[in-house]
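[1] test case, fold it:
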Amino acid sequence: MLLNECIEDCLDRTYPSFADDSPAGEVLALMQEKGLQCAPILHEGRVVAVVRPEDLAGSKKKEGLRLGDLSSTPVKSVAYNEHLFNLFERFRASSDSIIPVSDEDGRYAGVVEKSRVLEKIAMVFHLGQDATTLELDLPSHGLKLSEIIATIEKNDATLLSFGSYYADPEKESVVLAFRVQTHDQFRLVKNMEKYGYAIRYASPLSASEYDELREKALEFIRYMDM
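    This next block holds a predicted model:
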């Protein structure tokens with residue numbers, strides 16, 4: 001998902017920003033008034049840094065001090081045509097809760113809150129929805145993802161998303177995590193085990209699924225008693 005596809009929902013065009021020639025003391029007072037933990041600094045309409053209240057400590061005592069005189073944290077804004085997933089690199093590089101965004105001309109357009117980005121990514125991967133999580137522990141060598149997906153789908157399950165990570169430092173085994181929709185989770189898990197897949201995790205059965213499974217077991221026991 002390109003960033004411009006979620007701009008309408010995520011971009012905050014009203015978030016305060018300050019020119020680099022703004023008086024530092026006035027900026028500090030405004031940030032304290034609005035409870036801002038950080039704010040973009042602009043030079044000729046382009047983001048050059050992010051300022052925090054601690055950067056401005058003592059600035060009220062220094063008349064004539066401007067934001068551009070401070071050693072604020074340099075930062076680059078993200079562009080509309082960047083991919084949503086690429087913003088994770090910015091998460092690692094900065095502890096700030098916002099990411100400045102620039103328009104097609106490179107001028108400041110607003111900010112995106114990290115929490116909103118996470119919401120979008122959760123939507124892409126169908127997290128938090130009515131779906132089953134299934135993790136398989138597999139050897140990393142000779143892994144054929146197409147066969148695993150085919151096995152899941154032939155058990156009347158719809159694959160929504162998946163991811164992977166190594167289960168050990170030597171990268172000998174890999175964990176595949178799937179988000180699927182299925183009407184019979186118990187059958188899916190048991191069949192995957194029957195096909196030789198090691199189930200690392202499966203979402204707990206809901207109360208209704210547990211009751212249905214219990215009824216099936218009781219019916220089978222009654223049948224055997226006859």
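[2] now do the helices in the protein.
    Secondary structure of the chain (DSSP state H): helices at 7-10, 24-34, 87-93, 114-124, 145-153, 185-194, 207-225.
[3] can you list these in CSV and add mean neighbour count?
    In short, each C-beta sits where N, CA and C put it, glycine included. Formatted as CSV, those follow (neighbours: other Cβ atoms under 10 Å):
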stretch, mean neighbour count
helix 7-10, 13
helix 24-34, 16
helix 87-93, 14
helix 114-124, 15
helix 145-153, 14
helix 185-194, 16
helix 207-225, 10
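[4] let me have these in JSON lines, extended by distance to A177.
    As requested, these are exported to JSON lines (distance: least, Cβ to Cβ, whole Å):
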{"stretch": "helix 7-10", "distance to A177": "25"}
{"stretch": "helix 24-34", "distance to A177": "40"}
{"stretch": "helix 87-93", "distance to A177": "17"}
{"stretch": "helix 114-124", "distance to A177": "14"}
{"stretch": "helix 145-153", "distance to A177": "12"}
{"stretch": "helix 185-194", "distance to A177": "14"}
{"stretch": "helix 207-225", "distance to A177": "20"}
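[5] so which of these gets nearest S173?
    Nearest to S173, of all the helices of the chain, is helix 145-153, at 14.2 Å by Cβ to Cβ.
[6] helices or strands up against that closest one?
    Judged by 3 or more Cβ pairs under 8 Å, 6 or more residues apart in numbering; DSSP states H and E, helix 145-153 is in contact with strand 132-139, strand 157-166, strand 173-182, helix 185-194.
[7] which residue packs closest to D21, ignoring adjacent ones?
    Of all residues not flanking D21 in the chain, R66 sits nearest, at 5.2 Å (Cβ to Cβ, 6 or more residues apart in numbering).
[8] what's the local residue count around the nearest residue to A131 once chain neighbours are set aside?
    Closest residue to A131 apart from its sequence neighbours, by Cβ to Cβ, 6+ apart: R179 at 4.9 Å. Residues contacting R179 under the criterion other Cβ atoms under 10 Å number 19.
[9] any idea how far V124 is from R179?
    R179 sits 11 Å away from V124, taking Cβ to Cβ, to the nearest Å as the criterion.
[10] dump the residue contacts of D156.
    Neighbouring residues of D156 by Cβ atoms under 8 Å, 6 or more residues apart in numbering: 182-184, 188.
[11] quick check, nearest of those to A39?
    T182 (47.0 Å).
[12] picking that back up, what's the closest of the helices and strands packed on helix 145-153 to V27?
    V27 lies closest to strand 157-166 among the helices and strands packed on helix 145-153, at 41.6 Å (Cβ to Cβ).
[13] may I see the buried residues of the closest one?
    157, 159-160, 162, 164 (16 or more other Cβ atoms under 10 Å).
[14] now do stretch 93-112
    By neighbour count on 16+ other Cβ under 10 Å, the buried set for stretch 93-112 is 96, 98-102, 108-112.
[15] state the distance from the residue nearest to the spatial centre of the chain to I99.
    By Cα atoms, centre = their mean, the chain has its centre lying nearest to L118, at 3.5 Å. To I99, L118 is 12 Å away according to Cβ to Cβ.
[16] do the same with K171
    32 Å.
[17] ok, L30 next?
    From L30 across to I99, the span is 21 Å (Cβ to Cβ).
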